[in-house]
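Trainee: Okay, structure incoming, though there's no sequence with it:
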């Protein structure tokens with residue numbers, strides 16, 4: 001081991017492993033143990049790959065949909081509170097028609113991206129062969145996690161903006 005390498009190892013040994021990182025890793029490990037996120041056996045044919053992904057479309061939509069319902073509730077409650085406190089509903093779209101179109105459009109795009117998962121898995125298997133064996137499990141896990149988190153982002157933004165506006169402007173009504 002060179003002096004530079006030894007110094008790097010010594011410096012990195014003092015970096016503490018944050019408890020929140022450990023919790024995130026533990027949560028991801030628990031998620032990957034759930035049969036929904038792993039294959040029982042490797043696929044042998046193209047249709048096995050497609051069938052595995054498509055058998056997960058409804059649970060995927062239920063998870064993303066639940067996150068969407070939670071987001072809608074948070075946004076409506078935030079809008080109600082900010083309208084009562086500030087006189088302006090933050091996070092509530094001006095038109096219910098726009099909200100419905102946005103939800104439907106988001107659902108369609110999420111499912112197009114979901115379909116991209118099995119298309120990319122088939123492409124990866126074609127290019128990399130057996131080296132792409134775990135691609136489907138990994139892509140589905142990360143894709144679902146990112147889809148749920150992305151769906152929750154508007155709720156988080158609405159909460160933060162609403163809280164800052166209430167703190168900055170105070171009670172008006």
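Mentor: On my side now, so go ahead. Please read all numbers here as calculations on a predicted model, not as lab measurements. Numbering: from 1, shown residues only.
Trainee: What distance do you get for the most centrally placed residue in the chain to residue 115?
Mentor: Among the residues of the chain, residue 146 comes closest to the average C-alpha position under Cα atoms, centre = their mean, at 2.3 Å. Taken as Cβ to Cβ, to the nearest Å, the spacing of residue 146 relative to residue 115 amounts to 16 Å. From N, CA and C alone the C-beta is placed, and that goes for glycine too.
Trainee: now for the host helix or strand of the residue nearest to the centre of the chain, which elements pack on it?
Mentor: Secondary structure assigned from DSSP states H and E places residue 146 in helix 135-169. In terms of contacts (3 or more Cβ pairs under 8 Å, 6 or more residues apart in numbering; DSSP states H and E), helix 135-169 is packed against helix 19-33, helix 46-54, helix 57-86, helix 96-128.
Trainee: is it possible to export the ones you listed to TSV including mean neighbour count and distance to residue 158?
Mentor: Supplementary listing: these in TSV, determined by neighbours: other Cβ atoms under 10 Å; distance: least, Cβ to Cβ, whole Å:
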stretch	mean neighbour count	distance to residue 158
helix 19-33	11	24
helix 46-54	15	32
helix 57-86	16	5
helix 96-128	14	13
